[in-house]
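Enquirer: below are the sequence and a predicted model for it; my questions follow.
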Amino acid sequence: MHDDPTPIPSPTRAAAGWLPLAVRSTEPELLDAGDVPPAELRRNLADLARLNRLPGGTRTSVTAIAAAAGGDRRGLRVLDVGTGAGDMPLAFADRGWSVVGVEPDAAVAAVARETTAPSRDVTIVEADGRALPYEDGSFDVAHASLLLHHLDPSVAVSVLREMGRVARSGVVINDLRRGILPLLATGVAVAILGRCRTTRHDGLLSVRRAYRLDELDELLVEAGLQVRGRTAPWMPRIVTIAAFRTDR
């Protein structure tokens, strides 16, 4: 027997090191490339709206926003960052909430304006989440769904910090988590509900780009936020409630 200072990794840890999901992918999604044809873009946004009806989607965000605000009451002011097609703002408005949807992509913002046109309680604004055009505490809650995995860490921190700045009561983040179960569940969901190539391609890539919960917590800490609540951590899609730390 001889001394060997080099630790022998466990089989589990060794396997985790080479799994494709061990490291977050930086491959850009087709939607982020900005050159998806208009008709394909509309189909993709419609697909995402259908996916938002699944468990962990819109209904879970509604519950989390109400919890962050201290109760589900009419007149809540909600900011939805990266609003996509605007389907979530419409669901929020159905509860009597006043909603501003922020979308940096002009083509996506145009679709969101069409989608939300029937509602007087939803406004769509073309703006960058890293520099929100609102005063501190302008909203009760700032919300983002399926946005964070599109962002590199430094950008994600900037957006989270801005969301915390404009929200009096807290921030709600609804997103995928990186892992085998989310990959399998997302694969099934996009196979059934995806009507276009962009959805099928970006759906699986979204999981590979998603942050693990420990990684998300690190981003929140860097943004000055702390977790106040979270849905079941084993679910493919997780909703996190956060707010600025009380020791700031």
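Expert: In hand now; what should we look at? Residues are numbered from 1 along each chain as shown.
Enquirer: for this structure, which spans come out with low pLDDT?
Expert: For the chain, the stretches flagged by pLDDT under 70 are 1-20, 246-248.
Enquirer: what ranges do the helices span in it?
Expert: Secondary structure of the chain (DSSP state H): helices at 11-18, 30-33, 38-51, 58-69, 87-93, 106-116, 153-166, 180-193, 197-209, 213-222.
Enquirer: highest mean neighbour count out of the ones you listed?
Expert: Highest mean neighbour count of those: helix 87-93, a mean of 23 (counted as mean count of other C-beta atoms under 10 Å). Every C-beta, even on glycine, is put in place using the N, C-alpha and C of the backbone.
Enquirer: pull out the CA atoms of that one and give them to me as PDB.
Expert: What follows is helix 87-93 as a C-alpha-only set of coordinates in PDB (Å, rounded to 0.1, in the frame of the first residue of the first chain):
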ATOM      1  CA  ASP A  87     -50.100  35.600 -23.300                       C
ATOM      2  CA  MET A  88     -49.000  35.900 -19.700                       C
ATOM      3  CA  PRO A  89     -49.800  39.600 -19.400                       C
ATOM      4  CA  LEU A  90     -53.300  38.800 -20.600                       C
ATOM      5  CA  ALA A  91     -53.700  36.100 -17.900                       C
ATOM      6  CA  PHE A  92     -52.500  38.600 -15.300                       C
ATOM      7  CA  ALA A  93     -54.900  41.300 -16.600                       C
END
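Enquirer: who's in contact with it?
Expert: 48-49, 52, 58, 61-62, 65, 78, 80, 83, 99, 101, 112, 115-116, 119, 121-122, 124, 143, 145 (C-beta atoms under 8 Å, 6 or more residues apart in numbering).
Enquirer: re earlier: distance to Leu132 added to the helices of the chain, as CSV?
Expert: Formatted as CSV, the helices of the chain follow (distance: least, C-beta to C-beta, whole Å):
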stretch, distance to Leu132
helix 11-18, 37
helix 30-33, 20
helix 38-51, 22
helix 58-69, 17
helix 87-93, 16
helix 106-116, 15
helix 153-166, 5
helix 180-193, 29
helix 197-209, 23
helix 213-222, 17
